[in-house]
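Asker: from the sequence below, what's the structure:
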Amino acid sequence: MPLPRNDPAQYDELADTWWQPAGGFAMLHWLAASRAEHVPPADHPDAVLVDLACGGGLMAPHVQRLGYRHVGVDIGAAGLATAREHGVSAVRGSVLEVPLADGCADVVVCGEVLEHVADDVGVLGECARLLRPGGVLVIDAIADSRLAGPVAVGIGERIPGGPPPGIHDPALFVDRRRLLAAADRLGLELRLVGLRPSLRGLLAWKRGRAQVVEMKPLRWSGILFAGYGRKRSTGGGPASHVPSMR
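Answerer: Purely as a prediction, here's the structure:
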């Protein structure tokens, strides 16, 4: 029988396809490359990047190139086993109760996570807890908007490169205003931008001429969006306003 939407067991069923550039997780390869563009090179030899819901560890080659120790957290044993094979220090645990110390991370990556949990603000709180002051946060998720369901699910699950059918539940898509307000309370300076695959890149990928499709930024963040920010230094206090959102 088909699994319910957003059932984590779907990732176990697709575990053999994590590292297939044209497999069910193709777009996650594209997003991993996009996230890496917003992570600065490590500035000291013990720098740590925590990768929440790391799955099969698709960030691994990017993290290694940037010079971080790559710590991946996920609830799925099959994905963690694959991540470990690619050099990730794998930790099994929930993104809502990450079994790592406060301030342990120079960078936290939280990609394609927030739209899979009922408490996205709780996950953002864990990101803030894990980051050292001045640490970098990179997120991406699907927005709660009128178009997101029809585009990300109705169309996205039916086209090559899109997410596997049933992987998303539109009821969990992310309220961006609430997310930005929570970030401000948590001491995170965060800005959101929209993302879309390059049309030229998609054509090359579909023809087998490219393994990764470049993700292009958009001013409108109403479907797929990314967030880039830092944790304020200790004692900085909340900002006087919430960052703007389109």
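Asker: the nearest residue to residue 183 once chain neighbours are set aside and residue 138, how far apart?
Answerer: Here the nearest residue to residue 183 in space, its sequence neighbours aside, is residue 190; by CB to CB, 6 or more residues apart in numbering that works out to 4.1 Å. Bear in mind the C-beta positions are built from the backbone N, C-alpha and C, glycine included. Separation of residue 190 from residue 138 (CB to CB, to the nearest Å) stands at 10 Å.
Asker: quickly list what's touching both of these two.
Answerer: Listed as contacting both residue 190 and residue 138 by CB atoms under 8 Å, 6 or more residues apart in numbering are 227, 228.
Asker: report the central residue of the protein.
Answerer: Centre of the chain computed as the mean C-alpha position; nearest residue by CA atoms, centre = their mean is residue 111, 0.4 Å away.
Asker: the residue nearest to residue 183 bridge partners, please.
Answerer: The residues listed as beta-bridge partners of residue 190 by DSSP bridges are residue 229.
Asker: my guess is it contacts residue 231, does it?
Answerer: No: the pair residue 190 and residue 231 does not pass the contact test of CB atoms under 8 Å, sitting 9.8 Å apart.
Asker: more neighbours: which of those two?
Answerer: Under the neighbour definition other CB atoms under 10 Å, residue 190 and residue 231 were set side by side, and residue 231 has more, 26 against 22.
Asker: next, count neighbours for the closest residue to that one other than its chain neighbours.
Answerer: Leaving aside its chain neighbours, residue 231 sits nearest to residue 131 (4.2 Å; criterion: CB to CB, 6+ apart). The local packing count at residue 131 equals 26, with neighbours defined by other CB under 10 Å.
Asker: relative to residue 222, how far out is residue 131?
Answerer: Separation of residue 131 from residue 222 (CB to CB) stands at 27 Å.
Asker: one more: residue 182?
Answerer: Note on residue 182: its distance to residue 222, by CB to CB, is 19 Å.
Asker: next one: residue 3
Answerer: Look at residue 3 and residue 222: by CB to CB, they are 28 Å apart.
Asker: who has more neighbours out of those two?
Answerer: The neighbour comparison of residue 3 against residue 222 (other CB under 10 Å) goes to residue 222, with 18 against 13.
Asker: packing partners of the longest strand belonging to the chain?
Answerer: Criterion DSSP state E: the longest strand present in the chain is strand 131-142. Contacting strand 131-142 under the criterion 3 or more CB pairs under 8 Å, 6 or more residues apart in numbering; DSSP states H and E are the following elements: helix 26-36, strand 105-111, helix 120-130, strand 188-197, strand 224-231.
Asker: so which bits of that strand are buried?
Answerer: Counting neighbours by 16 or more other CB atoms under 10 Å, one finds that the buried residues in strand 131-142 are 131, 132, 135, 136, 137, 138, 139, 140, 141, 142.
Asker: okay, now the sheet partners of that strand, with direction.
Answerer: Within its sheet, strand 131-142 is paired with strand 105-111 (parallel), strand 224-231 (antiparallel), according to DSSP bridges.
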